[in-house]
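K.L.:
what follows is a predicted protein model with its sequence.
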Amino acid sequence: DAGITQSPRYKITETGRQVTLMCHQTWSHSYMFWYRQDLGHGLRLIYYSAAADITDKGEVPDGYVVSRSKTENFPLTLESATRSQTSVYFCASSDDRDGYTFGSGTRLTVV
Amino acid sequence: AQRVTQPEKLLSVFKGAPVELKCNYSYSGSPELFWYVQYSRQRLQLLLRHISRESIKGFTADLNKGETSFHLKKPFAQEEDSAMYYCALSGQGYSTLTFGKGTMLLVSP
């Protein structure tokens, strides 16, 4: 089930560093999403994209930047990582309203 | 604004017991409701959605618009059902999915 892949799977970075999480899908789905998963908060939407070059903020966008120059890629960049951004990040894609397909997640630790 | 509430953080049952994971939502229009499951350290997987009316792995869920609920049920829990379960809502037209905070289901032998 390699239709949507995230890299890296694990990442440790230092406070203040820039880090980019990658997401690639092979279905040409129009929609792509970034969520963060935290205990007590569930999944919260960071950013999403309806098509190439179209992105929009979700519930918790501060400190994050996204781009979507190609339909299949949707990288998420933390411009200056903070400890509060330690989390598990999930990318997802969808072509319609029938639910999302999620990647395996990236576990990010900011020290 | 749309909101999903899962009142139980943890639900612990014995194998063979019935299970009901509660989900309530707040949305002014006609929502689409979903249940996702996440097994230990794995990706989230779509379990079922209300429009398909399917039963997956013995689980069912009925949308009750009067009570604004979409509770997940299974008559006889199995140990392999132990996982985190998320209820999610999508609004009219295409919109993003809003998730509840999740309920951890633990099924003991």
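P.N.:
Good, I have the coordinates. Being a predicted model, the structure only gives us computed values, none of them experimental.

K.L.:
need the pLDDT of A:Gln25.
P.N.:
Looking at A:Gln25, its pLDDT reads 95.

K.L.:
neighbours of it, how many?
P.N.:
23 (other C-beta atoms under 10 Å in any protein chain shown). The C-beta positions use only the backbone N, C-alpha and C, and glycine is treated the same way.

K.L.:
isn't it up against A:Ser94?
P.N.:
No: A:Gln25 lies out of contact with A:Ser94 (C-beta atoms under 8 Å); the separation is 9.8 Å.

K.L.:
shared neighbours of the two, anything?
P.N.:
Residues touching both A:Gln25 and A:Ser94 (C-beta atoms under 8 Å, 6 or more residues apart in numbering or on different chains) are A:Met32, A:Thr101.

K.L.:
got phi/psi on the closest residue to chain B within chain A?
P.N.:
Nearest residue of chain A to chain B: A:Gly42, at 3.7 Å (C-beta to the nearest C-beta). Dihedral angles of A:Gly42 (phi, psi; degrees, to the nearest 10) stand at phi 70, psi -140.

K.L.:
beta partners for it?
P.N.:
Applying DSSP bridges to A:Gly42 gives these bridge partners: A:Asp38.

K.L.:
surely it is in contact with B:Thr98?
P.N.:
No: counting by C-beta under 8 Å, A:Gly42 stays clear of B:Thr98, with 9.6 Å between them.
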